[in-house]
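[1] what's the 3D shape of this:
(chains A and B)
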Number of protein chains: 2
Amino acid sequence: MKNFNFWNPTRIVFGKDCVPLVGEQVSCFGQKVLVVSGQASARKTGVYDRVLQSLGKAKLNVVEFSGVKSNPILSHLRQGIDLARREAVEVIVAVGGGSVIDEAKAIAAGAVTEVDVWDFFVDKAKINQALPLVTVVTLAATGSEMNWGAVITNEELQQKFNISSPHLYPKVSILDPTVTFTVPRNYSAYSAVDAIAHVIEGYFTGTDPATPLQDRLVEGLVMAIMDATEKIMANPEDYDARATMMWAASLALNGLTTAGIGLYGFPNHMIEHSLSALYDIPHGAGLAIVMPGWMKHTARQNPGKFAQFAERVLAIRKPSPDEAAMAGIDALQHWFEHIGSPTTLAAADIPASDINRIAENATMLAEKWRLKAYTKEIISEILTLCR
Amino acid sequence: MKNFNFWNPTRIVFGKDCVPLVGEQVSCFGQKVLVVSGQASARKTGVYDRVLQSLGKAKLNVVEFSGVKSNPILSHLRQGIDLARREAVEVIVAVGGGSVIDEAKAIAAGAVTEVDVWDFFVDKAKINQALPLVTVVTLAATGSEMNWGAVITNEELQQKFNISSPHLYPKVSILDPTVTFTVPRNYSAYSAVDAIAHVIEGYFTGTDPATPLQDRLVEGLVMAIMDATEKIMANPEDYDARATMMWAASLALNGLTTAGIGLYGFPNHMIEHSLSALYDIPHGAGLAIVMPGWMKHTARQNPGKFAQFAERVLAIRKPSPDEAAMAGIDALQHWFEHIGSPTTLAAADIPASDINRIAENATMLAEKWRLKAYTKEIISEILTLCR
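    Numbers count the residues shown, from 1 in each chain, chains lettered A, B, ... in the order given. All right, here's what the predicted structure looks like:
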């Protein structure tokens, strides 16, 4: 096991009907509140109104900022920062999924500095402070509610880049599984893929092989996510399944599964970021396309770990590690299809002739994410396996 | 899944040779430091000197307080509180295992109030503040380094009672697995039993059965602990095994495995507290005696969960849940013996004729711990299965 620091100060308020607790929580951090939200769904489902009611009850002064896109974009982020500054808000409340929370984090960091916010994303400036952030989660997927990262797309440059800083941990995140009852089938599937991808990246790329505890945690998370997703597909209002999925998604990217595994990368996310930057497809769908190809490519070098995954998570036993690895990858790909996700470029109407262009785009992140082994050629090879 | 709040703000600094980082960490919280330690082992192994050196390098003003007993006692705790007040220390550093950390927590709470410290243990007073605490862990077992609880024995009243408060989370815990290389075989075994007991209590007593994710986390932790302990027994200086054990022990009682499981109890700990209060045996050894008996008693009502444990953790398959449950309990008991722990009262030289007296003592905690179903008769029945 490698040396690590672990610190995760986010307070989780989890459970049925806990949205009305938001006002009391927010009032610990300030009186003037910027409420950040997406395009429509939180309004449709009534969650947004319940948040505003609770903030009103706590006598907080609310400024609203809506319209965050799925795959949030820099121009909208800049508007949010301007508004937060102009109104001198003291605390930010995000009502939404990962996109809304990510943009809210970037607003929180951008509102308290003269630095141009994109400089944080291209490592030209460092985040030294941020406004306190409280989140009300409406989609269980990205884990942003319990971590220190955020991803924004610079739509002019077609760059989907990330920031991370201990200042970006939400102070409090409110997770009410009933809020996710209305998440449609396809987004429920993409969410499962995303959460699985989060734990699998570290599991398969960590440089220290001696991490049996972390392996067990990842395997347990994946089994729980798959089982819960089956139940959600059968009954979208299965509370326990939605709750399991929601808590699993938070634990999948809160530092728990990667503590001690050494250096690790997010190569699937890196390639996917190019898919969603170029084609604006849902992040989880993009991951379901990239992962099987990436796994096939990578298992050639390290079939043992893939065989372990196949055996422990999918109960697959084969005479050789190579066979077990490949059977496990096939089974996972079939499961992604079974829950309703595309798993090939073709299924998402992305022509194979674009592979060169996607690979070109992905190399921009390879440097930033210290994945230099992923040359344009390697990425093209992987994408060829994703056709 | 039941509603829950999760918050764990302890910062973990984990890894090889990280003890010298203590000075820098402590200096964030104050200049005048009370260093709390045990009877001898931290001095013998050199860890204590390395801590003092690091504190000296950070130019901190050190007051030493040693002699904490395994199963720490109230009279010594009172001395520590007096010293902390007299010297007006600003921060506490615990160098030791769970006993030292627990007493340091109680000193931290007791030093900043006029309330008699035992009032916190008998729920006559509430902890509203505490001095900041930094720990340097020398034994991977109790999880105290990453939680909000502490246990102290009132030796006059023969009561081993606990406190818990969010103010008791250590600010920073320094976990260097190499420090545990010198932990003797028997204490390495007791540590494994203790950590397993911590996760099993919630697993088998949680009131909500719909917690598949929490189940998977517990099962993964137990498998990792058992595997690491085998390796430690074969080679006490197996770094990765010691590291796995150390991190597993922290995760086993930091709130992770119990979040969402509803009400749950610590009946094994309750009965064991009476064993170690009356006979001063190591806590882990006491747990290895109590657990098989408690499990046999409890599996009669709920064999399904015990069968799940047997199947997933111990790869035991039997025609009926009852058979699987009992085979699993037997296998765990044999494993406790295999690593060198007593698993019966007789093996610890506790006469069966004392069962009445032990049960009498344990009922004192049953009320405090909301385990009223555990009457003297029930506890006697369980202890009879532990003979």
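[2] gap between A:Cys350 and chain B?
    One thing to correct before we go on: residue A:350 is Ile, not Cys. Distance of A:Ile350 to chain B, computed by CB to the nearest CB, to the nearest Å: 34 Å. For the C-beta atoms, the positions are set from N, CA and C on the backbone; glycine is no exception.
[3] Now do the strands in chain A.
    Along chain A, the stretches classed as strands by DSSP state E are A:4-14, A:32-37, A:61-65, A:91-96, A:133-137, A:149-154, A:159-164, A:172-175.
[4] Could I get the buried residue list for the second one?
    Taking 16 or more other CB atoms under 10 Å in any protein chain shown as the basis for neighbour counts, the residues of strand A:32-37 that come out buried are A:33-37.
[5] Can you tell me which of those is nearest B:Asp176?
    The shortest distance between B:Asp176 and any of the buried residues of strand A:32-37, using CB to CB, involves A:Val36 and amounts to 41.9 Å.
[6] What does the pLDDT read for the closest one?
    With respect to pLDDT, A:Val36 scores 98.
[7] hang on, it packs against A:Gly96?
    Yes - counting by CB atoms under 8 Å, a contact exists between A:Val36 and A:Gly96, whose distance comes to 7.4 Å.
[8] hey, what's in contact with both of those two?
    A:Val68 (CB atoms under 8 Å, 6 or more residues apart in numbering or on different chains).
[9] sorry, back to before: return the closest of the buried residues of strand A:32-37 with respect to chain B.
    The nearest member of those to chain B, counting by CB to the nearest CB, is A:Val33 at 21.5 Å.
[10] Tell me who's in contact with the closest one.
    Contacts of A:Val33 were listed using CB under 8 Å, 6+ apart, and they are A:26, A:55, A:60-63, A:89-93.
[11] now A:Phe266
    A:Phe266 makes contacts with A:201, A:205, A:369, A:371, as judged by CB under 8 Å, 6+ apart.
[12] Let's see if you can find the most crowded of those residues.
    Neighbour counts for the contacts of A:Phe266 were taken using other CB atoms under 10 Å in any protein chain shown; the highest belongs to A:Glu201, with 24 neighbours.
[13] Check the gap between that residue and chain B for me.
    Spatial separation of A:Glu201 from chain B under the definition CB to the nearest CB is 19 Å.
[14] rank the strands of chain A by pLDDT, which is bottom?
    What stands lowest among the strands of chain A, in mean pLDDT terms, is strand A:159-164, with a mean of 92.
[15] Pick out the residue closest to the middle of chain A.
    Centroid-nearest residue in chain A: A:Thr142, 2.5 Å away (criterion: CA atoms, centre = their mean).
[16] hang on, that residue packs against A:Ala94?
    No - using CB under 8 Å, A:Thr142 is not in contact with A:Ala94; the gap is 11.6 Å.
[17] got any residues that touch both of the two?
    With CB under 8 Å, 6+ apart applied, the overlap between the contact sets of A:Thr142 and A:Ala94 consists of A:Ile101.
[18] Hmm, A:Val290 is touching A:Leu385, no?
    No - proximity of A:Val290 to A:Leu385 does not meet the contact threshold set by CB under 8 Å, at 9.5 Å.
[19] Tell me which of the two has more neighbours.
    Of the pair A:Val290 and A:Leu385, A:Val290 is the one with more neighbours under other CB under 10 Å, namely 29 against 14.
[20] roughly how far apart are that one and chain B?
    Computed with CB to the nearest CB, the distance linking A:Val290 and chain B is 26 Å.
[21] try A:Val115
    Using CB to the nearest CB, one obtains 26 Å as the distance from A:Val115 to chain B.
[22] so what's that residue closest to, chain neighbours aside?
    For A:Val115, ignoring the flanking residues on the chain, the nearest one in space by CB to CB, 6 or more residues apart in numbering or on different chains is A:Ala125 at 4.4 Å.
[23] show me what contacts the one you found?
    Contacts here follow CB under 8 Å, 6+ apart; on that basis A:Ala125 touches A:113, A:115-116, A:119.
[24] redo that, cut-off 10 Å
    Contacts for A:Ala125 were tallied using CB atoms under 10 Å, 6 or more residues apart in numbering or on different chains; they are A:109, A:113-119, A:163.
[25] Among those residues, give me the pair with the biggest separation.
    That would be A:Glu114 and A:Ile163, which, of these, are the farthest apart (CB to CB) at 16.8 Å.
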